[in-house]
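> Provided below for reference: sequence and predicted model.
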Amino acid sequence: MSDKSSIRYILTLSIPIFFANLAIPLVGIVDTALMGNMSDQSYLTATSIASSFFSLVFWSFGFLRMGTVGLVSQSFGRNDYKSILNIVFRNLLFVISISILLILFQKQLLNLCLIFFDLSIDTKNKFNEYFNIRIYSSLFELTIYIVVGLFIGLQKTKISSLAIGLLSILNILFSTILVLKFNLNIKGVAYGTLLATGITSFLFLFYIFYYLRKYVPFNFNLEEIINTSKLKNLLEINLNIFLRTILLTFSFFWFTYLGGRIGEEFIAANTILINLIFLSAFILDAYAFSTEGIVGYSIGRKNKLLFIKIVKNSFILSSLTGILISLFYLFFKNSFIDFMTDIENIRDISYQYSFWVVLLPFVSSFCYQLDGIFIGASQTQELRNAMFVSVIIHLISSFMLVEGFGNQGLWISLTIFLILRALTLTFYFNRIYFKI
């Protein structure tokens, strides 16, 4: 595969993911706009904290996507569809178990979250309303992780993108109708997510088994599914990704927490800006997602040349796209802010710190791409270790910088964190090369 053809292939896989991923942060932007235009700051603050908390909880189980990609892509490289089917079954057992535990301990989780924030009674009540509905989407949201991971691993990114796109469109549609037409306010946003995830997970779970039946007989063999050595390997990979993702999501939750220490209005303003950061992150993740599948495939095939070309050209595409996003935000960031809230003091604070949404897309492009490479290679121990070092330094620096520079220091510390993620993974990079 030449450089030109490898770039074309990465783009072919990435473009459908790009459009689907674009829809994911738009859900957050629309939810923020629905709550931010209520002329009551408590709606936006409650939604911001609740969304951050559920991101912490659900993204912590991101191994259901990331671990699936690595294992499926390597099995795909060996043309072993029976193994792929069993990977799906094993992960579905994980999803059912995790969801039951989350629902059983929902009261404890809610109280744990409220310990971190000194909220007004009104904001706390709205938070409770959102939480007690959204928790029941856990089974559906985690199942979608498996759907997306499977089809990225099979390099069928149009199917995974269709799942993400449908989820996001349904979420926006249901939330908008329930808030604007039925006046359900914060409950409408939560019910919108619950309905959208439920419909999407059922449709695509059915499609998974329809698709795989073309390559392997549908056979639920419990002995093969709970194979000790396979489970041990899966648990090791998943545990490392779980710990890595817990650390990552906690960093963003910490970002919200420190904003709350400065003031509730800063939580609201930072949420508007962080939605724009997430928008750029999901766009750039299109390259990381497509790279995951090809990297896993190249390792399964023991093809070093393919690995090198894919890594080099994916970095070029990702960094150039990061620059384009930064330029776009330079001219249109204020329009996004105005769309998401009509509360003047929140707008003013957002304008004051909007420079960071211009800087961060390019800065963050490198760590996102390295994540994809390490996930595709199933080098999860290195992902965990690199994240641990980055988070520890981030927590220390953020606390000191916020004390000295307030909200500006908070954004400086987030930038440092993204740079550290790239540097620490670069340190481990040769381990993947010598694995092939």
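Perfect, I can see it now.

> all contacts plus neighbour counts: C-alpha atoms, from now on.
Noted.

> what's the distance between Ser51 and Phe399?
Using Cα to Cα, to the nearest Å, we find Ser51 at a distance of 23 Å from Phe399.

> In terms of neighbours, single out the busier of these two.
Taking neighbours as other Cα atoms under 10 Å, Ser51 and Phe399 compare with Ser51 leading, 21 against 17.

> Which helix or which strand is home to the more buried one?
Following DSSP states H and E, one finds Ser51 within helix 41-59.

> Give me the next element, helix or strand, following that helix.
Assigned by DSSP H and E, the successor of helix 41-59 is helix 63-77.

> Tell me the helices and strands packed up against that following helix.
For helix 63-77, the packing partners by 3 or more Cα pairs under 8 Å, 6 or more residues apart in numbering; DSSP states H and E come out as helix 81-104, helix 138-153, helix 228-262, helix 264-300, helix 355-376.

> let's see it at 10 Å
Contact here means 3 or more Cα pairs under 10 Å, 6 or more residues apart in numbering; DSSP states H and E; on that basis helix 63-77 packs against helix 81-104, helix 138-153, helix 228-262, helix 264-300, helix 355-376, helix 380-405.

> Make a markdown table out of those and add distance to Asn334.
Putting those into a markdown table (distance: least, Cα to Cα, whole Å) gives the following:
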| stretch | distance to Asn334 |
| --- | --- |
| helix 81-104 | 38 |
| helix 138-153 | 32 |
| helix 228-262 | 21 |
| helix 264-300 | 10 |
| helix 355-376 | 10 |
| helix 380-405 | 23 |
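
> and Thr123, how many residues sit next to it?
Thr123 has 20 nearby residues by other Cα under 10 Å.

> Contact partners for it?
By Cα atoms under 10 Å, 6 or more residues apart in numbering, the residues touching Thr123 are 40-47, 49, 264.

> Most neighbours among those, which one is it?
Using other Cα under 10 Å as the neighbour test, these are led by Leu44, with 32 neighbours.

> I'd like the distance between that residue and Ile267.
9 Å.

> for the closest residue to Val295 other than its chain neighbours, what are its contacts?
Leaving aside its chain neighbours, Val295 sits nearest to Gly376 (5.2 Å; criterion: Cα to Cα, 6 or more residues apart in numbering). Residues in contact with Gly376 (Cα under 10 Å, 6+ apart) are 66-74, 153, 288-299, 370, 432.

> so what pLDDT did the residue most central in space within the chain get?
The C-alpha lying nearest the average C-alpha coordinate of the chain belongs to Trp59 (Cα atoms, centre = their mean; 6.1 Å). pLDDT, Trp59: 74.

> Just the C-alphas of stretch 271-290, formatted as CSV.
Extracted C-alpha coordinates of stretch 271-290, given in CSV (Å, rounded to 0.1, in the frame of the first residue of the first chain):
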residue,chain,number,x,y,z
THR,A,271,-19.7,23.5,29.9
ILE,A,272,-20.5,25.6,26.8
LEU,A,273,-16.8,25.8,25.9
ILE,A,274,-16.1,22.1,26.7
ASN,A,275,-18.9,21.1,24.4
LEU,A,276,-16.9,22.8,21.6
ILE,A,277,-13.8,20.9,22.7
PHE,A,278,-15.7,17.6,22.6
LEU,A,279,-17.0,18.5,19.2
SER,A,280,-13.4,18.8,17.9
ALA,A,281,-12.4,15.7,19.8
PHE,A,282,-15.1,13.5,18.2
ILE,A,283,-14.2,14.9,14.7
LEU,A,284,-10.6,14.0,15.2
ASP,A,285,-11.5,10.7,16.7
ALA,A,286,-12.7,9.6,13.3
TYR,A,287,-9.0,9.1,12.3
ALA,A,288,-8.2,7.4,15.6
PHE,A,289,-11.2,5.0,15.2
SER,A,290,-10.3,4.0,11.7
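
> roughly how far out does it sit from the chain middle?
9 Å (Cα atoms, centre = their mean, to the nearest Å).

> One more: stretch 238-257?
Mean-position distance between stretch 238-257 and its chain equals 11 Å (Cα atoms, centre = their mean).

> Same check on stretch 252-269?
Computed by Cα atoms, centre = their mean, the chain-centroid distance of stretch 252-269 equals 20 Å.

> In the stretch 201-350 of the chain, where is pLDDT below threshold?
Low-confidence segments of the stretch 201-350 of the chain, defined by pLDDT under 70, are located at 220, 223, 225, 227-228, 230-231, 233-234.

> so which strand or helix has Ser175?
In the assignment (DSSP H and E), Ser175 maps to helix 157-176.

> Could you pull up the mean pLDDT of that helix?
Mean pLDDT, computed over helix 157-176, is 88.

> list the helices and strands that helix packs on?
helix 3-36, helix 138-153, helix 185-212, helix 264-300.

> related to what we said a few turns ago, for the residue nearest to the centre of the chain, give its distance to Met66.
11 Å.

> Please enumerate the shared neighbours of the two.
145, 242.

> which residues sit in contact with Phe117?
By Cα under 10 Å, 6+ apart, the residues touching Phe117 are 49, 124, 256-258, 260-261, 264.
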